[in-house]
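Colleague: output the structure for:
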Amino acid sequence: MLAIIIKLDLVWVIAGVIILPAIGFMFRLSKKSLERKRIELLEREMVESHAEILELQEKIATIQAAASSATDAPVVSLKESSTSKKYPPKDSGNTGGALKSLL
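Modeller: Next up, the predicted model:
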């Protein structure tokens with residue numbers, strides 16, 4: 001009788017060793033497929049948001065181009081150009097003339 005109980009327990013152990021990893025594998029496989037679906041959904045969402053951003057940037061660029069071409073105002077440079085007339089330094093009173101007379 002003792003041999004039958006051990007044999008019965010051994011059958012359950014062998015069945016557990018075979019069945020439990022298979023159940024774990026199936027849970028892991030289903031979890032992995034759900035993660036893949038979620039990743040695909042997030043990737044699609046990112047692509048759509050990037051496309052929307054690009055469309056908005058294109059609209060802004062066309063509006064800016066239209067605004068810059070619409071203004072025909074003259075442009076005045078604030079920097080001094082190289083063709084501007086340079087004036088000689090002014091004499092300050094009689095000191096310049098006095099020095100010249102001494103030389």
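
Colleague: can you tell me the SS state at residue 9?
Modeller: When classified by DSSP: H, G, I helix; E, B strand; the rest coil, residue 9 comes out as helix.

Colleague: quick one: which helix or strand includes residue 65?
Modeller: Assigned by DSSP states H and E, residue 65 belongs to helix 2-70.

Colleague: just residue 80 next, same as before
Modeller: Per DSSP H and E, there is no helix or strand for residue 80.

Colleague: can you get me a residue count around it?
Modeller: 8 (other CB atoms under 10 Å). From N, CA and C alone the C-beta is placed, and that goes for glycine too.

Colleague: gap between residue 37 and residue 48?
Modeller: Taking CB to CB, to the nearest Å as the measure, residue 37 falls 17 Å from residue 48.

Colleague: revised request: answer the last question for residue 80.
Modeller: In terms of CB to CB, residue 80 sits 53 Å off from residue 48.

Colleague: contacts only, for residue 14.
Modeller: Residue 14 sits next to no residue when contact means CB atoms under 8 Å, 6 or more residues apart in numbering.

Colleague: how near is it to residue 25?
Modeller: Distance from residue 14 to residue 25, by CB to CB: 18 Å.

Colleague: and if you look at residue 55?
Modeller: 45 Å.

Colleague: what does residue 66 give?
Modeller: 62 Å.

Colleague: residue 59 now?
Modeller: 51 Å.

Colleague: can you check residue 63 too?
Modeller: Counting by CB to CB, the gap from residue 63 to residue 25 is 57 Å.

Colleague: and what of residue 40?
Modeller: For residue 40, the distance to residue 25 - CB to CB - is 23 Å.

Colleague: what does residue 69 give?
Modeller: With CB to CB as the criterion, residue 69 and residue 25 are 66 Å apart.

Colleague: same question for residue 50.
Modeller: With CB to CB as the criterion, residue 50 and residue 25 are 37 Å apart.

Colleague: before we move on, what about residue 39?
Modeller: 21 Å.
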